[in-house]
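>>> Dropping the sequence and predicted coords here.
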Amino acid sequence: VTAPAAATTGERVTVSWTVNNAGEAATTGNWTDVVYLSLDGTLAGAVQLARVPQGRQVLPGESYTGSVEVTLPELPDGSYRILVVTDRDGQLFEQGREANNALASAPLQLGHPDLTVTAVTVPASAVSAATVGVSWVVANQGTRPAAGTWTDRVFLTQTGVVDAQARLMATVSRGGPLES
């Protein structure tokens with residue numbers, strides 16, 4: 001099972017795997033390979049990512065490679081494994097030898113970006129309806145780079161809290177990556 005060593009939640013990644021027919025007969029019929037994200041490489045608490053139907057003939061001693069693009073779910077930062085279970089639904093008769101139908105990848109470090117405003121500069125005073133300069137610094141304090149685009153919004157507030165009374169003063173589009 002091959003997967004990236006590190007990724008961000010919500011990211012699309014490619015997972016590939018190889019299945020060997022260790023039996024004495026060719027496969028006949030259809031079966032399903034199922035891809036999971038697992039904390040420990042087992043099905044306990046694993047999150048299903050994809051179901052990949054198979055219907056090919058695999059002769060004894062031969063193998064096939066499967067591949068699928070999956071979106072990683074929103075989960076806490078940590079070390080996970082991609083787990084692939086072939087013939088997950090038991091559609092092929094294997095004479096009681098299903099114990100070798102699952103394999104996990106090497107660890108995948110799952111992380112998140114965390115965009116944080118670390119500094120704001122504003123004038124000490126201003127006159128109503130006057131244009132003022134405002135600057136700010138955004139840092140990524142997360143465990144993974146911030147990719148894609150996002151919008152910074154500048155609010156005017158008397159309390160320092162963005163609530164129903166706060167006024168939106170400006171929006172600025174930004175683009176990543178912003179390293180952590």
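On my side now, so go ahead. Numbers count the residues shown, from 1 in each chain.

>>> show me the contacts for the residue nearest the centre of the chain.
Nearest residue to the geometric centre of the chain (C-alpha atoms, centre = their mean): L72, 2.6 Å. Taking C-beta atoms under 8 Å, 6 or more residues apart in numbering, we find L72 in contact with A7, T8, T9, G10, E11, R12, V13, L37, L49, L110. C-beta here means a position set from N, CA and C on the backbone, and glycine is covered the same way.

>>> Format those residues as TSV; extra columns: distance to L83.
Putting those into TSV (distance: C-beta to C-beta, whole Å) gives the following:
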residue	distance to L83
A7	15
T8	20
T9	18
G10	20
E11	18
R12	18
V13	14
L37	8
L49	9
L110	14
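
>>> Strands - which of the residues you listed land there?
A7, T8, R12, V13, L37, L49, L110 (DSSP state E).

>>> For the buried ones among the residues you listed, write the corresponding ChimeraX selection.
Buried residues within the ones in strands among the contacts of L72, by 16 or more other C-beta atoms under 10 Å, are selected in ChimeraX with:
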select :7,8,13,37,49,110
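
>>> Of the ones in strands among the contacts of L72, just say which sits nearest to G23.
L49 (26.9 Å; C-beta to C-beta).

>>> does the closest one really touch T14, like I thought?
No - counting by C-beta atoms under 8 Å, T14 is not a contact partner of L49; they are 11.6 Å apart.

>>> what about P53, distance to T86?
12 Å (C-beta to C-beta, to the nearest Å).

>>> can you list residues touching both of these two?
By C-beta under 8 Å, 6+ apart, the residues touching both P53 and T86 are W31.

>>> So the two - more neighbours on which side?
Shown here are P53 and T86; by other C-beta atoms under 10 Å, T86 has more neighbours (23 against 9).

>>> got the contact list for the more buried one?
Taking C-beta under 8 Å, 6+ apart as the test, what T86 contacts is W17, V19, W31, D33, Q54, N101, A102.
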